[in-house]
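S.K.: sequence first, then the predicted structure:
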Amino acid sequence: MYPDIALASASPRRRELLAQLPVNFTLVSAEIDESVLAGEEPASYVSRLALQKAQAGANKLNWQLPVLGADTSVILDKQILGKPESKAHFMQMLRQLSGRSHQVLTAVAIVSAGQQLQALSSTEVWLRPLSDTELDAYWQSGEPADKAGGYGIQGLAARFVEKIHGSYTGVVGLPLCETERLIQQLRRSA
Ligand SMILES: Cc1cn([C@H]2C[C@H](O)[C@@H](COP(=O)(O)OP(=O)(O)OP(=O)(O)O)O2)c(=O)[nH]c1=O
């Protein structure tokens with residue numbers, strides 16, 4: 001069937017989540033520079049990146065299809081934590097996240113030739129205290145490497161999570177409630 005939308009993402013999680021909505025989609029790659037700008041607030045950062053991913057995807061497709069982009073970051077005391085660059089970086093991040101709560105922000109953007117739609121999902125996640133031995137074993141699993149904040153709530157790190165307040169799918173990378181709402185808005189305006 002002809003796709004309604006393109007997903008500008010290399011993330012298998014986003015692909016699986018979007019497949020849960022009644023929408024036909026195709027994939028497009030969109031590499032962008034993910035550096036944080038000087039003085040940039042976390043919410044502005046994730047929103048800008050989601051939009052840039054969608055725009056980069058739309059450019060590749062010559063704006064023939066609406067394109068969806070998303071970005072997830074872990075925020076601790078206004079500090080933006082991206083993916084771990086090394087084991088040392090991972091240990092440093094998870095020691096900071098251990099035994100307290102942090103925020104996970106996921107921004108979603110849909111761009112088409114005529115419009116730009118955006119949503120922001122914010123979730124508070126509480127991790128229990130984590131020992132260095134547990135963290136070492138978790139790093140060896142390979143799971144943390146491609147995850148913002150160095151953990152995956154949907155994977156082996158599930159047992160570290162005491163509670164969450166907000167959107168589970170938002171933490172995994174694509175808040176489905178907000179995303180479906182944006183797709184409906186797009187259809188209404190078509
Ligand atoms: C906190 C958390 C993040 N993540 C993932 C979601 C995102 O894929 C990733 C954050 O990196 P992003 O830069 O948002 O996305 P990405 O590089 O994986 O994919 P894209 O091509 O769309 O840019 O971390 C989880 O899978 N589980 C979690 O619990």
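M.R.: Nice, I can see it.
S.K.: and the helix or strand containing residue 104, what does it pack against?
M.R.: Taking DSSP states H and E as the criterion, residue 104 maps to strand 101-111. Under the contact criterion of 3 or more Cβ pairs under 8 Å, 6 or more residues apart in numbering; DSSP states H and E, strand 101-111 touches helix 42-60, strand 67-76, strand 116-127, helix 168-172, helix 176-189. Just so you know, the C-beta spots here come from the backbone N, C-alpha and C atoms, and that holds for glycine as well.
S.K.: give me the pLDDT value at the residue nearest the centre of the chain.
M.R.: By Cα atoms, centre = their mean, the chain has its centre lying nearest to residue 72, at 2.7 Å. In the predicted model, residue 72 carries a pLDDT score of 97.
S.K.: which ones are touching it?
M.R.: If you count contacts by Cβ atoms under 8 Å, 6 or more residues apart in numbering, residue 72 has them with 46, 104, 105, 106, 148, 170, 171, 173.
S.K.: on that earlier part again, wait, which of the helices and strands packed on strand 101-111 is closest to the ligand?
M.R.: Ranking the helices and strands packed on strand 101-111 by proximity to the ligand (Cβ to the nearest ligand atom) places strand 67-76 first, at 3.8 Å.
S.K.: hmm, the closest one in reach of the ligand?
M.R.: Yes - counting by Cβ under 6 Å from any ligand atom, the ligand has neighbours in strand 67-76: 70, 71, 72, 74.
S.K.: who wins on neighbours among the residues you listed?
M.R.: For the residues of strand 67-76 next to the ligand, neighbours were counted by other Cβ atoms under 10 Å; the highest total belongs to residue 70, with 30 neighbours.
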